[in-house]
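Asks: take this sequence and fold it.
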Amino acid sequence: MRRWLLLVAAGWFVAGIAIGLAVPRAIELVFPADSALDPDEDYVRRMIEEYQLGSEQQELLRAVRAAQVREQRAIYERAARDDWEQLPRGMASQLRMTNQRAEQRVEALLTEAQRQRFLRDRAGK
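Replies: Numbers count the residues shown, from 1 in each chain. The predicted model follows:
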């Protein structure tokens, strides 16, 4: 009887480990953490591939994108809180400035060759 209990306990232990290892992978398959769910990360990945960014440049680019999102969120919140009628015109201008600052920051983190290509690509859009 005691041997049987040890075998059952060992079986449950092994099953627990297997489930513990399988569940995170199953969740990742069902809910992929890929760029389709995060447009900022999609942008970062495209920039990394397109301009062969180094690891420091990648970190800086992610920081630029995070700052841009924070600034945009602050504009939305301020506009929503202060004056709804001012929202479209004022928001468009502020968002344009936020985007220009983010582009300048992106340009600053690129090497000269990457920057020239980035500027050519931006002009073509």
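Asks: alpha carbons only for contacts and neighbour counts from here, please
Replies: Will do.
Asks: next secondary structure after the host helix or strand of residue 7?
Replies: Per DSSP states H and E: residue 7 is located in helix 2-30. Downstream of helix 2-30, the first helix or strand assigned by DSSP H and E is helix 39-51.
Asks: what lies in contact with that following helix?
Replies: The contact list for helix 39-51 (C-alpha atoms under 8 Å, 6 or more residues apart in numbering) reads 35-36, 53-54, 58, 61-62, 65, 114, 118.
Asks: please apply the same query to stretch 96-114.
Replies: Residues contacting stretch 96-114 (C-alpha under 8 Å, 6+ apart): 51, 53, 57, 60-61, 64-65, 68, 71-72, 115, 118.
Asks: if you rank those residues by neighbours, which is first?
Replies: residue 61 (25 neighbours; other C-alpha atoms under 10 Å).
Asks: list the contacts of that residue.
Replies: Per C-alpha under 8 Å, 6+ apart, neighbours of residue 61: 44, 106, 109.
Asks: about what we covered before: what's the most distant pair in the contacts of helix 39-51?
Replies: Among the contacts of helix 39-51, the pair separated by the greatest distance (C-alpha to C-alpha) is 36 and 114, at 25.4 Å.
Asks: work out for me the element residue 74 sits within.
Replies: helix 55-82.
Asks: okay, now the unreliable bits of the protein?
Replies: 5-6, 8-11, 13-37, 79-92, 125 (pLDDT under 70).
Asks: many thanks, we can stop here.
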